[in-house]
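> quick one, fold the following:
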Amino acid sequence: MFIDTHCHLSLEDYDDIDLIVSENLDSGVSKMIVSACTKESIVESLRFAKKYDCVYLTIGYHPSEVLTITDEALLTLEDFLLQEPKVVGIGEIGLDYHYGKENRKEQLVLFEKQLALAEKHRLPVVIHSRDALSDTIELLKKYPDVQGIMHCFSGSLETAKIFIKMGFYLGIGGVITFKNSRLSEVVQQLGLEYLVLETDSPYLTPQPYRGKKNSSKYLPLIAQRIADVCQVDLEQVAKVTSENASKLFDLK
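Okay, here's the model as predicted:
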């Protein structure tokens, strides 16, 4: 059985949530960890977590939300962390300079406040880092006890080793199936020990369904690509990555 450590579940993206969850389970995905990273998605996703046994959550504020997040919103986030048993981590949080660095200072402040919450409550984090590698690394160094996942990892072997040394797993998703991706080479050299599976659905659909809306039901395609690259069987990929995810998020 597989664990999707990072997906999004929303009525904005899917007309029939019951159907999506059923299809995911039928494909062998036993647990889905939904990333709720806006104020609105946190409220919606909490309802799904209470309705479906297989749905867990990480909650936090994405860097794109930085100008809308107040101290009150951070207090609300902390309340959810304390009160909701199916919240298993903080994320996705981090830095995103892809469209510019105009709000770099504000992003760094928000990121650090959420890392401090993770440290305080001993929770793992899911990190979004886009065109912000140096700042991400430097800020994480200030919180050496915080561990988690580098979401949608597609960097170099050198970068992978930096994050692994800091106590992070690498979230491997549909990008590994893309023809122009060099992620396979990195994964081949690392092996399974530091990997977890993710879809980032409804985004980043793996081949051969690229261009269609993604969902956790396609996770076995990502796992099969990893199996091929690492020259192991699919069951081994499922076993090791699920054990990694279960250990990190304390899933029973």
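
> so residue 145: helix, strand or coil?
Secondary structure state of residue 145, per DSSP: H, G, I helix; E, B strand; the rest coil, is coil.

> give me the pLDDT for it.
pLDDT for residue 145: 97.

> next, it: phi, psi?
Dihedral pair for residue 145: phi -90, psi -10, per degrees, to the nearest 10.

> remind me what the helix or strand harbouring residue 219 packs against, helices and strands.
Take DSSP states H and E as the rule and residue 219 turns out to sit in helix 219-230. Other elements packing on helix 219-230 under the criterion 3 or more C-beta pairs under 8 Å, 6 or more residues apart in numbering; DSSP states H and E are strand 2-7, helix 183-190, strand 195-197, helix 234-249. C-beta: built from backbone N, CA, C; applies to glycine.

> relative to the whole chain's centre, how far out is stretch 34-42?
Relative to the centre of its chain, stretch 34-42 is centred 12 Å away, using C-alpha atoms, centre = their mean, to the nearest Å.

> averaged pLDDT, it. What do you get?
The predicted model assigns stretch 34-42 a mean pLDDT of 97.

> where do the helices sit along the chain?
17-26, 39-51, 71-83, 104-121, 133-141, 157-165, 183-190, 219-230, 234-249 (DSSP state H).

> what's the distance between residue 246 and residue 98?
Counting by C-beta to C-beta, to the nearest Å, the separation of residue 246 from residue 98 is 32 Å.

> looking at the helices of the chain, which is buried most?
helix 219-230 (a mean of 21; mean count of other C-beta atoms under 10 Å).

> re the thing from before, out of the helices of the chain, which comes closest to residue 147?
Nearest to residue 147, of all the helices of the chain, is helix 234-249, at 7.0 Å by C-beta to C-beta.

> angle of the closest one against strand 2-7?
50 degrees (axes from the mean of the first three to the mean of the last three C-alpha atoms, to 10 degrees).

> other SSEs contacting helix 234-249?
Helix 234-249 packs on strand 2-7, strand 29-36, strand 87-96, strand 168-172, strand 195-197, helix 219-230, going by 3+ C-beta pairs under 8 Å, 6+ apart.

> distance to residue 70 added to the ones you listed, as a markdown table?
Putting the helices and strands packed on helix 234-249 into a markdown table (distance: least, C-beta to C-beta, whole Å) gives the following:
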| stretch | distance to residue 70 |
| --- | --- |
| strand 2-7 | 26 |
| strand 29-36 | 18 |
| strand 87-96 | 16 |
| strand 168-172 | 29 |
| strand 195-197 | 32 |
| helix 219-230 | 36 |
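
> still on that earlier bit, for residue 53, find the nearest of the helices and strands packed on helix 219-230.
strand 2-7 (13.6 Å).

> in JSON lines, list the helices and strands packed on helix 219-230 along with distance to residue 48 and mean pLDDT.
Shown next, in JSON lines, are the helices and strands packed on helix 219-230 (distance: least, C-beta to C-beta, whole Å; pLDDT from 0 to 100):
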{"stretch": "strand 2-7", "distance to residue 48": "11", "mean pLDDT": "98"}
{"stretch": "helix 183-190", "distance to residue 48": "30", "mean pLDDT": "96"}
{"stretch": "strand 195-197", "distance to residue 48": "20", "mean pLDDT": "98"}
{"stretch": "helix 234-249", "distance to residue 48": "17", "mean pLDDT": "98"}
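
> for these, which one sits closest to residue 81?
helix 234-249 (13.3 Å).

> got the CA coordinates for the closest one in PDB?
Output of helix 234-249 as PDB, limited to C-alpha atoms (Å, rounded to 0.1, in the frame of the first residue of the first chain):
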ATOM      1  CA  LEU A 234       7.400  -2.000  -6.700                       C
ATOM      2  CA  GLU A 235       6.500  -3.700  -3.400                       C
ATOM      3  CA  GLN A 236       9.800  -2.600  -2.000                       C
ATOM      4  CA  VAL A 237       9.200   1.000  -3.000                       C
ATOM      5  CA  ALA A 238       5.800   0.900  -1.400                       C
ATOM      6  CA  LYS A 239       7.200  -0.600   1.800                       C
ATOM      7  CA  VAL A 240      10.100   1.700   2.300                       C
ATOM      8  CA  THR A 241       8.500   5.000   1.400                       C
ATOM      9  CA  SER A 242       5.400   4.200   3.500                       C
ATOM     10  CA  GLU A 243       7.600   3.300   6.500                       C
ATOM     11  CA  ASN A 244       9.400   6.600   6.000                       C
ATOM     12  CA  ALA A 245       6.200   8.600   5.800                       C
ATOM     13  CA  SER A 246       4.700   6.700   8.800                       C
ATOM     14  CA  LYS A 247       7.800   7.400  10.900                       C
ATOM     15  CA  LEU A 248       7.900  11.100  10.100                       C
ATOM     16  CA  PHE A 249       4.200  11.800  10.600                       C
END
